[in-house]
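S.K.: Provided below for reference: sequence and predicted model.
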Amino acid sequence: MIEAILPSGVVVVEARDDEMAAKLFPEEELAVATAVEKRRREFTTARMCARAALERLGFPAVPIPTGTRGEPVWPVGVVGSITHCDRYRACAVARAEEVVSLGIDAEPNAPLPEGLLADIARPEELPLLSQLERELPDVHWDRLLFSAKESIYKTWFPLARRWLGFEDAVVEIEPEAGVFTAQLLVCGPPLADGPLWALSGKWTVCEGTILTAVALRAR
């Protein structure tokens, strides 16, 4: 599903069910040593997706440990992102010479929990959300905004190595084109053509799941 909103060169592996017999490397076990069973199953299946994706990219099966912010730590020469939500797990990877960074996110197509929108939306984003909710009620746009900002953060962090808050990006969603753009309100990390000030991505809704993706291509 999510491969439809990612560019060529990005390898995706998805799963709907958890692999009960799947095993983790010791380095990965550390991340879920005290986790509840649900979290452990999600984590394990997502790591199995990651290993399968790396294999398709031409890399051997290696541990994918967790970094200081909970991010997956990829082998040298690889960029990637992992996501999981109810009944969906996925991993996307690419070669670093083709894609500078990428982020994917999956969320149920359901309203955000009560009160959460105020924490993730900037005031200038609210009018568009209200308009989209009136005109296209089949999509829960508050949840899509949340997912887009998650994909943006996952793309930002490996480059900047610092936090990017929900309030640090203004996101505009284009419903007909299935894209979104983000203007960053903090100075981003330096890239070949200057500091990172904006990111763009794509979104879709499939089988009750909102999917968003950002892929920053190498120039």
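M.R.: Structure received. Residues are numbered from 1 along each chain as shown.

S.K.: can you pull the contacts of the residue nearest the centre of the chain?
M.R.: The centre of the chain sits closest to Ile104, judged by CA atoms, centre = their mean, with a distance of 2.3 Å. Under the criterion of CB atoms under 8 Å, 6 or more residues apart in numbering, the contact list for Ile104 reads 2, 6, 81-83, 90, 92, 151, 154, 211-214. In this view, the C-beta of every residue, glycine as well, is placed from N, C-alpha and C.

S.K.: Quick check: Ile173 touching Leu145?
M.R.: Yes. Between Ile173 and Leu145 there is a contact at 6.9 Å, judged by CB atoms under 8 Å.

S.K.: Show me which of the two is the more surrounded one.
M.R.: Set Ile173 next to Leu145 and count neighbours by other CB atoms under 10 Å: Leu145 wins out with 27 against 20.

S.K.: The more buried one: what's it in contact with?
M.R.: 120-121, 125, 129, 171, 173.

S.K.: ok, and the most crowded of these?
M.R.: Val171 (24 neighbours).

S.K.: The nearest residue to that residue once chain neighbours are set aside in helix, strand or coil?
M.R.: Closest residue in space to Val171, ignoring its immediate chain neighbours: Ala182 at 4.9 Å, by CB to CB, 6 or more residues apart in numbering. Following DSSP: H, G, I helix; E, B strand; the rest coil, Ala182 is assigned to strand.

S.K.: Neighbours of Ile66, how many?
M.R.: Not quite, residue 66 is Thr, not Ile. Neighbour count of Thr66, defined by other CB under 10 Å: 16.

S.K.: same deal with the one 5 residues further on?
M.R.: One way to gauge burial is a neighbour count; for Glu71, by other CB under 10 Å, it gives 18.

S.K.: Surely it and Thr155 touch.
M.R.: No. Applying CB under 8 Å as the test, Glu71 and Thr155 come out as separate, 11.1 Å apart.

S.K.: joint contacts of those two?
M.R.: With CB under 8 Å, 6+ apart, Glu71 and Thr155 have no common neighbours.

S.K.: quick one on the thing from earlier: among the contacts of Ile104, find me the one that's closest to Leu112.
M.R.: Set against Leu112, the nearest of the contacts of Ile104 by CB to CB is Thr212 (14.4 Å).
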